[in-house]
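Visitor: need the 3D shape of this:
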Amino acid sequence: MRPSKVYKGQDRQPFTRRKYIKKGVDKKLMKMVMGDSAKQDFPIHVKLIAQESINISEHSLESVRTNINRRLLAEVGKGEPEHYRFEVVPYPHHYARAHGLVGVMKGERFCKGMRLSFGKVERRMARVKKGQVIFIISLEDKNHIQVARELLRIARCKLPKISQKYRVEIDQ
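Guide: Modelled structure (predicted):
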């Protein structure tokens, strides 16, 4: 799998049509809302907001989701998920393609190089725009704000390093 810096730009139209994709990519991100998904009126919201337009892979979103949900359940929920709500906002709808080149000796004889280099689907990406919310942690208790801020700091480390410009915002 190629690094995320290969897919950093949003200069082209997103490739979203499943009709033209012959080999499908497995869905990695299973749940978008964790914790108490039925309750909507939590008083405190801690958000991670992107300050640049960027593509985030589905693998990164799933890694952050599992890590934060596990820690929220242990530290805030105390084993029960009714004290918090964690939401992944962007949906990975963009299919990233990669053109595989042959890396063997005399590979240029049977490889067309970059001619007709449409590429095969390699992964799914979420296109996040400047100012868009990426994650929302909703809490009941003010004492857990520092825990949520620390978890979103850890989440920033798991997101693409191309742009480390993310900010944490607290709504009370």
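
Visitor: going forward, measure contacts and count neighbours with C-alpha atoms only.
Guide: OK.

Visitor: how far is stretch 144-163 from where the chain is centred?
Guide: Centre-to-centre, stretch 144-163 and its host chain are 12 Å apart (CA atoms, centre = their mean, to the nearest Å).

Visitor: quick check: mean pLDDT across that stretch?
Guide: For stretch 144-163, mean pLDDT rounds to 86.

Visitor: who are the packing partners of the lengthiest strand in the chain?
Guide: For the chain, the longest strand by residue count, based on DSSP state E, is strand 120-128. Contacts defined by 3 or more CA pairs under 8 Å, 6 or more residues apart in numbering; DSSP states H and E place strand 120-128 against strand 54-57, helix 58-75, strand 94-98.

Visitor: repeat the analysis, applying 6 Å as the threshold.
Guide: If contacts are counted by 3 or more CA pairs under 6 Å, 6 or more residues apart in numbering; DSSP states H and E, strand 120-128 sits against strand 54-57, strand 94-98.

Visitor: for residue 171, find the nearest of the ones you listed.
Guide: Nearest to residue 171, of all the helices and strands packed on strand 120-128, is strand 54-57, at 24.1 Å by CA to CA.

Visitor: which secondary element of the chain has the worst mean pLDDT?
Guide: Using mean pLDDT, DSSP states H and E, strand 94-98 stands out as the lowest-scoring helix or strand of the chain, at a mean of 76.

Visitor: that one pairs with which strands, parallel or anti?
Guide: strand 120-128 (antiparallel) (DSSP bridges).

Visitor: can you give me the distance of the most centrally placed residue in the chain to residue 73?
Guide: Residue closest to the average C-alpha location in the chain (CA atoms, centre = their mean): residue 61, at 3.0 Å. In this view, residue 61 and residue 73 are 18 Å apart by CA to CA, to the nearest Å.
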